[in-house]
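**Student:** this is the structure alone, sequence omitted:
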Ligand SMILES: Cc1ncc(COP(=O)(O)O)c(C=O)c1O
C-alpha cells in the first residue's frame, strides 16, 4: 500500500528550502561549519514541523533534489538517511520517501498548536493565548445552568440559531454598548472559530479574495487557506497604531476582495487597538468597495490599563449589520472551554448562516449556552472579566520584564490590552527558536504562523499566560533557545527541567 498522500516536487522543495523559514537567521550570520547534509536534514525537518511541507508528502528522488539544489547526490542521500533515523522520513523501495513525524508525537499544524493540558509540568506552554477559568464563576455558572436546564431537557436540544435567552442577553449587551440590537441579529456559534468558519462557508468561496491584516490570527488564516480562499495581506501600521488606511484603500481598490477580516481590538498577535476614526473610515471604504467587513471582537473586553479609553465597536458604524458582520466569543472574556461564540449581523444574514448550519455543526451545546446566559444575566460576566484583567495585567508586566532582562535585543511594543506580545527576535529565525524552544521545554509559536506566504520569520508571539517564576523560567529558556540558534548548534539538548507553576 502507498504510504504518501501528496507530493512535493524538487523545484518546490528547493524553493521552500531557500526561504527564510528554513534558515537560522533572517539576515545570515555566516561562519558556521555544519555539514551540508546535516543542514539540509535540519531544514527539511523544520519545514515539516512548521507545517510548510505536509506529513505523508512524498519527497523528490535523491537525484532530482540534488540537481535542483546543486549539491551532490551523496549529500541528499545522507540527509534523507539522517531524517529516517530521526523519524521524519519513511521510505519503501519502489514507493519512494515520504515525510513523517516520530511515532507518538502530535502532527504539526500551520495554525496554533497548544500543549495538551495533561502534558504540562515540564514544558512551559506559550503556544496558546488563553487563560484558566475565573473561578468561582465557572462553577457558579454551571450550577446556574443546571437549574435552568429542566425545561430544555423536554426538547430535542437542537437550536441552530442559539437559545432564545442567550440571543436576547447578547443583543441586550450590544444595545447597552450603544448599538441597538435585536435577538434576530444574533446567532450563537461554537466559539469564534465556529462563527468565522460559518461566515467563510457562506460568503467566501474557493478562489475568492479575502483581505486580512498582516500579521493576523493564525488559526483563522489556516481556516481560510483550507477553505481555498486567496488571502490578500494588508500590513498593520507600525508601533501598534492600528490599521494603515492608505494600504487598505489600495487593496480594496486593486484586489476588490469579497471579504475583509479584521481584529480591531487588541489584535492577535500584535495587540494593536484600532482608533475610532480608523474604524469609521474602514467601514466606509469597505462599503464603497462592496467588500463585506468581518470584525472579530474576541479580545475586545481585555483592556488592561485602567485609564484606557475604548473606541466604539466597528459595528457602531453599520448598526444594521449589512456591511459589517461582528464575531464575538466568551473564550477570552470568560473561558475557552465553554466554546461559546456568536455572530452579530442583519437578520437576513443570520437567517442564511443558520440555514447553512444544519449540515455543518448543527448547533451549540445547550448547557454551555445556559452557563453564559446565567453569567450575562447575573452580573457574573462583568465580575469575572475584572478578575481576568487584573491577572492578565500582572502576567503581561511579569513577562515583559523577564524578556527585557534575558533577551535585551528582542524588540516589541507593549500593548495596552489583549493577551499577546509580538516580538522581533533580534534577527534570528522565529521558526528555529520555536524548534529549539520545544527541545528546551518552552512551546512558542513562530511568526510565520501569523503571516501569509512565510512573512514574519523574525518574530515569535508570546502570550500573557504566565507569571512570577514561570515567566522568568520561560524567558530563560527562550534565551537559551536563542543562543542555540545563534550558534547554529543542532545537537540534541538535555530534556527540560520541571518547573513550578
Ligand atoms: C482573534 C481571535 N479570534 C478567534 C479566536 C478563537 O476563539 P474561540 O475560542 O471563541 O473559537 C481567538 C483565540 O485566540 C482569537 O484571538
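**Tutor:** That came through fine. Fair warning: this is a prediction, and the values are worked out from it, not measured in the lab.
**Student:** ok, now which ones touch the most centrally placed residue in the chain?
**Tutor:** Central residue of the chain (CA atoms, centre = their mean): residue 218, 3.1 Å from the mean position. Applying CB atoms under 8 Å, 6 or more residues apart in numbering to residue 218 gives the contacts 110-112, 269, 445, 449-450. (C-beta placed from N, C-alpha, C; glycine too.)
**Student:** what about residue 34, neighbour count?
**Tutor:** The tally of other residues near residue 34 (other CB atoms under 10 Å) stands at 14.
**Student:** pretty sure it contacts residue 488?
**Tutor:** Yes: the pair formed by residue 34 and residue 488 meets the contact definition of CB atoms under 8 Å, at 5.7 Å.
**Student:** now do the shared contacts for these two.
**Tutor:** Here residue 34 and residue 488 have no joint contacts, going by CB under 8 Å, 6+ apart.
**Student:** burial measure for residue 173, as a count.
**Tutor:** Counted with other CB under 10 Å, the neighbours of residue 173 add up to 17.
**Student:** how about whatever residue of the chain ends up closest to the ligand: what's its closest non-neighbour residue?
**Tutor:** Proximity of the chain to the ligand (CB to the nearest ligand atom) peaks at residue 191, 2.7 Å away. Distance criterion CB to CB, 6 or more residues apart in numbering; nearest residue to residue 191, sequence neighbours excluded, is residue 341 at 4.3 Å.
**Student:** quick one: mean pLDDT for the host helix or strand of the one you found?
**Tutor:** Here residue 341, judged by DSSP states H and E, is contained in strand 340-344. Averaging pLDDT along strand 340-344 gives 98.
**Student:** who are the packing partners of it?
**Tutor:** helix 164-176, strand 186-190, helix 191-203, strand 324-329, helix 347-355, helix 366-378 (3 or more CB pairs under 8 Å, 6 or more residues apart in numbering; DSSP states H and E).
**Student:** what's the average pLDDT for the fourth one?
**Tutor:** Confidence over strand 324-329 (mean pLDDT, whole number) is 98.
**Student:** now do the last one
**Tutor:** Taken as a whole, helix 366-378 carries a mean pLDDT of 97.
**Student:** can the helix or strand following that helix be said to contact the ligand?
**Tutor:** Using DSSP H and E, the helix or strand that follows helix 366-378 in sequence is helix 380-406. No: Helix 380-406 stays clear of the ligand (CB under 6 Å from any ligand atom), getting no nearer than 13.0 Å.
**Student:** and for the helix or strand that helix 380-406 is followed by, what's in contact with it?
**Tutor:** Next helix or strand after helix 380-406 toward the C-terminus (DSSP H and E): strand 420-424. Under the criterion CB under 8 Å, 6+ apart, residues 129, 215, 266, 268-271, 396, 399-400, 403, 410-412, 414-415, 458-464 lie in contact with strand 420-424.
**Student:** drop anything exposed from these.
**Tutor:** The neighbour count (16 or more other CB atoms under 10 Å) marks 129, 215, 266, 268-271, 396, 399-400, 403, 410, 412, 415, 458-464 as buried among the contacts of strand 420-424.
**Student:** residues from the stretch 51-200 of the chain in reach of the ligand?
**Tutor:** Within reach of the ligand by CB under 6 Å from any ligand atom, the stretch 51-200 of the chain has these residues: 129, 191-193.
**Student:** could you give me the buried positions within stretch 382-397?
**Tutor:** Residues 384-385, 388-389, 391-393, 395-396 are the ones in stretch 382-397 that count as buried (16+ other CB under 10 Å).
**Student:** and which of the residues you listed is nearest residue 317?
**Tutor:** Closest approach to residue 317 among the buried residues of stretch 382-397 (CB to CB): residue 385, at 24.5 Å.
**Student:** need the contact list for residue 125.
**Tutor:** 114-115, 443, 465.
**Student:** show me which of those are buried.
**Tutor:** Among the contacts of residue 125, those classed as buried by 16+ other CB under 10 Å are 114-115, 443, 465.
**Student:** the closest residue to residue 268 other than its chain neighbours: neighbouring residues, count only.
**Tutor:** Among residues not flanking residue 268 along the chain, residue 217 sits closest, at 4.5 Å (CB to CB, 6+ apart). Residue 217 has 27 neighbouring residues, counting by other CB under 10 Å.
**Student:** just the pLDDT at residue 217, thanks.
**Tutor:** Residue 217 carries a pLDDT score of 97 in this model.
**Student:** looking at the buried ones among the contacts of residue 125, which is nearest residue 140?
**Tutor:** Closest to residue 140, out of all of the buried ones among the contacts of residue 125 and judged by CB to CB, is residue 465, at 23.2 Å.
**Student:** residue ranges in this structure under the pLDDT threshold?
**Tutor:** 1-2, 21, 26-32, 490-501 (pLDDT under 70).
**Student:** run the last query once more with 80
**Tutor:** 1-3, 5, 19-33, 104-107, 109, 114, 116-121, 489-501 (pLDDT under 80).
**Student:** domain ranges for it?
**Tutor:** 6-99, 117-129+383-487, 151-378 (automatic domain parsing).
**Student:** the second one: end-to-end distance?
**Tutor:** Think domain 117-129+383-487. Start to finish, the residues bounding domain 117-129+383-487 are 32 Å apart (CA to CA, to the nearest Å).
**Student:** could you do stretch 23-37 as well?
**Tutor:** 14 Å.
**Student:** what's stretch 310-325 in contact with?
**Tutor:** Outside stretch 310-325, the residues that touch it by CB under 8 Å, 6+ apart are 174, 177-181, 185, 199, 262, 264-265, 273-276, 279-280, 282-284, 286-287, 292-295, 297, 300, 303, 326, 343-346, 349.
**Student:** which bits of the stretch 201-350 of the chain sit near the ligand?
**Tutor:** 217, 263, 268, 296, 298-299, 329, 331, 336, 341.
**Student:** surely the residue nearest to residue 268 meets residue 263?
**Tutor:** Yes: Residue 217 lies in contact with residue 263 (CB under 8 Å); the separation is 6.4 Å.
**Student:** give the residues shared as contacts by these two.
**Tutor:** Here residue 217 and residue 263 have residue 296 as joint contacts, going by CB under 8 Å, 6+ apart.
**Student:** list the buried residues in stretch 79-99.
**Tutor:** Neighbour counts using 16+ other CB under 10 Å place 79-80, 82-83, 88-91, 96-99 of stretch 79-99 among the buried residues.
**Student:** residues near residue 182, how many?
**Tutor:** Counted with other CB under 10 Å, residue 182 comes out at 14.
**Student:** ok, the closest residue to it other than its chain neighbours to residue 353 distance?
**Tutor:** Nearest non-adjacent residue to residue 182, counting by CB to CB, 6+ apart: residue 171, 5.8 Å away. Distance, residue 171 to residue 353, using CB to CB, to the nearest Å: 16 Å.
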